[in-house]
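Q: structure for the following, please:
(chains A and B, ligands or ions: 2)
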Amino acid sequence: MELKLSSEDAAFRDEVRSFIAENYPQEMRVLNPETDLSKEQSLLWHRILHRKGWIAPLWPKEYGGPGWSLTQRFIWEQETSRAGTLPPLAFSVTMVGPVIYTFGTDAQKQKFLPRILSGEDWWCQGYSEPGSGSDLASVRTKAVRDGDHYIVNGHKTWTTLAQHADWIFCLVRTDPAAKPQAGISFLLIDMKTPGVTVRPIITIDGSHEVNDVFLENVRVPVANLIGEENKGWTYAKFLLGNERTSMAGIGRSTRYLRRLKDIVRTEVPKDDPASGEFERDIARVELDILALEATELRVVAQMARGIDPGAAASLFKIRGTEIFQRITDLTHRVMGHYGLALREPAGGNNIFMPGPAYGHTATEKYLNSRKLSIYGGSNEIQRNIIAKAVLGL
Amino acid sequence: MDIQFTEEQELLRNSVQRLLKDEYSFDIRRDIVASNEGWSRDHWRKFADLGLLAAPFSEEFGGFGDGPLATMIVMQEFGRSLVVEPFMETVVLAGGLIEAEGSDAQRHAYLPIIAGGGEIWALAWAEQGSRYDLGNVSTSARRSGDDFILSGTKTAVIGAPWADKLIVSARTSGDRRDHDGVSLFIVDRQSAGLHLQSFKTVDGRRAAEITLKDVRVPASGLLGAEGQGTAILERCRDRAIGALCAEAVGAMTELNASTLDYSKTRKQFGVALGTFQVLQHRMVDMFVALQEALSLTQHLVLSLSDGETGVSKLASGAKAKVGYAARFVGEQAIQLHGGMGMSDELNVGHYFKRIGAIDILFGDPAFHLMRFARTS
Ligand SMILES: Cc1cc2nc3c(=O)[nH]c(=O)nc-3n(C[C@H](O)[C@H](O)[C@H](O)COP(=O)(O)OP(=O)(O)OC[C@H]3O[C@@H](n4cnc5c(N)ncnc54)[C@H](O)[C@@H]3O)c2cc1C
Ligand SMILES: Cc1cc2nc3c(=O)[nH]c(=O)nc-3n(C[C@H](O)[C@H](O)[C@H](O)COP(=O)(O)OP(=O)(O)OC[C@H]3O[C@@H](n4cnc5c(N)ncnc54)[C@H](O)[C@@H]3O)c2cc1C
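A: Ligands and ions are numbered 1, 2, ... in the order given. Got it, this is the predicted structure:
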């Protein structure tokens, strides 16, 4: 969907477009950037954006944001996702950064924000535990005060890219006696602290994206507590709201749909009985995207007028993930027999992959995208939220 | 329409179950898949000793004389244990083709070896761009004296890296998409001019792209009537669908059982997941999907046994219906397991991946839905 842009905004869009075209590292254009890049490679674009001052569009100017208008941010979102650039690490820039500048102390802001912006620190999210997924408020990782330190013991799991992380932001229980939500604190933990161990979890697509993180008698300075003790739930929810808003993923879905159309054009001849089938399925997804995008624009316009978007984030999360799952399903389906092959993770030895290169990630993407309806608050949980918050049930 | 199994058939089921329970745990399977070869000769030997590799054949070759039914019994159990060994490729596809279409000489030459576990076979029919059209063949076979010379490429040949022999479809006359003019050939895997590029499949098996460059096959290697290969393969596909549907039903059975079990033990918000009505209804739908899949599979298998006309339409219908059902069950099983469902350590994802592969083999549900609609 093309926005009607003012001439300044149109100029901005052109500037963004050409900046991406001229600066996005060729090295990052690999088959599957999410799995195939080393930590250093995946930070290349981050560093370029940092130098340009564009790394954190959502941040206020005083903390290093570019000071863009809502429309400019929206243009940025659209242009980057259309160009298929790897977004900066969400855990750092979208999640913990805003928590720190909103609720952190001056010392915390000075210490952490510049390092997030520069890409020096890689953050991971330590919310989930084996016993606490959907019911996040039941976290059991314990933090016990000992002078000016907390002693932390517990087991975090499904921690995305913890293998690369310098820091982890954790929900920990500081008051076991209080009601679940009331006894939680938000703690920043240096991954190099003795007692922190990371163990890989391999997912069904064969990739190493998530981990167990074990915390054994980890000493964390009290100075790393965000806000007030036992108020962590408030900060956690603030962060989850940010996480879900970004999940409509219109740009990404649009880009993958365009790619799907190209693949269908080459793989399925017009006189193949499957052709009409794909045409119809693709049209359906295209309409789903259009409707979601229009909803997003409507919500953005309301927000600009100061109207609370309510549970809109849940709606974006549900539909955005369902749409992307559908696209990966169709892309896998259109590859026919080649959909039987599964690429080995980077460094693996499934060197030969049959069929055209554009199909080589179809299987892994289809498998991997099953996670979308599970993480970030499952789609069942999002529906519960809408039922309660919007429908009043 | 419930199938009343004979005592002999029940015995077959029990013995497969026992063998797999004792010797094909998920951990053992994981080791087999990760091994260099990717399959277990040792287990293959045991399948042979138990008579499984003969079961679908006529009594003359050590079988039960009711091929589709015996196949269903074995494949359902293999589906439950995610067996990767090429029973489907060797016994159901190749064995089935030889028994149904081969000459007496071919039957006697090959079936005892297959039934005894002596050889692995694979079927090479698909080509780049052929999608699921069995008659879309450009690999050529031209006569040269008493021999045929085969040239072309075949794609996604499951089990080929393990195979001793291949059955290859090639065109003896006509144009690429002509229904007639395709013939089947028995080709030694070690033949000069035959080249494999192997790869791993999503469901833990091995497959290959095959290039044939002037591969010489004696006329005695022709399987079935010359030029009739597409029709022969269509009958083979009907049998294969019966087997694949049974396997999918086995996988769904396990997925439903473990999801139900998980929903009773996993607690969130202080209660078992199974107390959430939205998940209850989801599991009811998974149950219903399995019931329908099982019924239609049995219906198809009985029709295959009776050699009913119109069975091919039914086969396509079953492939579509069971395929959609299995995919629904697989996706929901992962969803209801939450993060655990994404983990490679749990068997759930592996059933899901096998279901995904079954979907593709011999045509996906969308293809067969259309074929069902258009076949009289
Ligand atoms: C690939 C991946 C990456 C992840 N990355 C991170 C990360 O970086 N950091 C982090 O902290 N976490 C991460 N997670 C964890 C993720 O947030 C949890 O998996 C998710 O919250 C679900 O929790 P669970 O896995 O324990 O499932 P459960 O909560 O056990 O849920 C199982 C099923 O029950 C359903 N269910 C649960 N409660 C209800 C209810 N009340 N009503 C209806 N249905 C319900 C769920 O929707 C789900 O289908 C990641 C997960 C995955 C798969
Ligand atoms: C055409 C027709 C013919 C009928 N014929 C007869 C007849 O011959 N004899 C007779 O006695 N009755 C008859 N009925 C009545 C019928 O049995 C009731 O309509 C039915 O039992 C539902 O009750 P209700 O209409 O009060 O709806 P409600 O019970 O109020 O239900 C409304 C909605 O809520 C859902 N719901 C209710 N409870 C739950 C729950 N616990 N969990 C989840 N969802 C729930 C229902 O599924 C439904 O969608 C007939 C109804 C129709 C429409």
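Q: was I right about A:Glu322 contacting A:Gln382?
A: No: using C-beta atoms under 8 Å, A:Glu322 is not in contact with A:Gln382; the gap is 10.6 Å. (C-beta placed from N, C-alpha, C; glycine too.)
Q: higher neighbour count, those two?
A: For A:Glu322 versus A:Gln382, neighbours defined as other C-beta atoms under 10 Å in any protein chain shown are more numerous around A:Gln382 (23 against 16).
Q: what helix or strand is the more buried one on?
A: Using DSSP states H and E, A:Gln382 sits in helix A:379-389.
Q: do B:Phe185 as well
A: Here B:Phe185 is assigned to strand B:182-188, by DSSP H and E.
Q: and the contacts of that strand?
A: For strand B:182-188, the surrounding residues in contact (C-beta atoms under 8 Å, 6 or more residues apart in numbering or on different chains) are B:97, B:101, B:106, B:110, B:134-135, B:137, B:141, B:148, B:150, B:164-172, B:174, B:194, B:212, B:215, B:217, B:221-224, B:226-230, B:232-233.
Q: one more: stretch B:243-251?
A: Here stretch B:243-251 makes contact (C-beta under 8 Å, 6+ apart) with B:71-73, B:75-82, B:88, B:92, B:290, B:293-294, B:296-297, B:300-301, B:318-319, B:322-323, B:325-326, B:330, B:351, B:354-355, B:358, B:361-362.
Q: gap between the two ends of stretch A:264-275?
A: Its start and end residues considered, stretch A:264-275 measures 8 Å (C-alpha to C-alpha, to the nearest Å).
Q: please report the distance of the residue sitting nearest the centre point of chain A from ligand 1.
A: The residue lying closest to the centre of chain A (C-alpha atoms, centre = their mean) is A:Ala90, at 5.1 Å. Using C-beta to the nearest ligand atom, to the nearest Å, A:Ala90 is found at 9 Å from ligand 1.
Q: go on, B:Ala170?
A: Taken as C-beta to the nearest ligand atom, the span from B:Ala170 to ligand 1 is 45 Å.
Q: secondary structure class for that residue?
A: strand (DSSP: H, G, I helix; E, B strand; the rest coil).
Q: keep the contacts of stretch B:243-251, but drop any that are not near ligand 1.
A: Among the contacts of stretch B:243-251, proximity to ligand 1 is found for none (C-beta under 6 Å from any ligand atom).
Q: which of those come close to chain A?
A: Residues shared between the contacts of stretch B:243-251 and the neighbourhood of chain A are B:Leu361 [C-beta under 8 Å from any C-beta of the partner chain].
Q: any idea how many residues pack against whichever residue of chain B sits closest to ligand 1?
A: With C-beta to the nearest ligand atom as the measure, B:Gly338 is the residue of chain B nearest to ligand 1, at 2.2 Å. Using other C-beta under 10 Å, B:Gly338 has 21 neighbouring residues.
Q: contacting residues for it?
A: The contact partners of B:Gly338, by C-beta under 8 Å, 6+ apart, come to A:Gly133, A:Ser134, A:Ile374, A:Ser378, B:Arg266.
Q: what do you get if the cut-off is 10 Å, keeping everything else the same?
A: Residues counted as contacts of B:Gly338 (C-beta atoms under 10 Å, 6 or more residues apart in numbering or on different chains) are A:Ser128, A:Gly133, A:Ser134, A:Trp158, A:Ile374, A:Tyr375, A:Ser378, A:Glu380, B:Tyr262, B:Arg266, B:Gln268, B:Leu273.
Q: quick one: low-confidence parts of chain A?
A: For chain A, applying pLDDT under 70 flags the ranges A:1-3, A:241-246, A:346-350.
Q: what are the boundaries of the strands in it?
A: A:123-126, A:142-146, A:149-156, A:167-173, A:184-190, A:196-202, A:208-221, A:225-226 (DSSP state E).
Q: can you check chain B too?
A: For chain B, the strands defined by DSSP E cover B:121-124, B:140-144, B:147-158, B:165-171, B:182-188, B:194-200, B:206-218, B:222-223, B:267-268, B:271-272.
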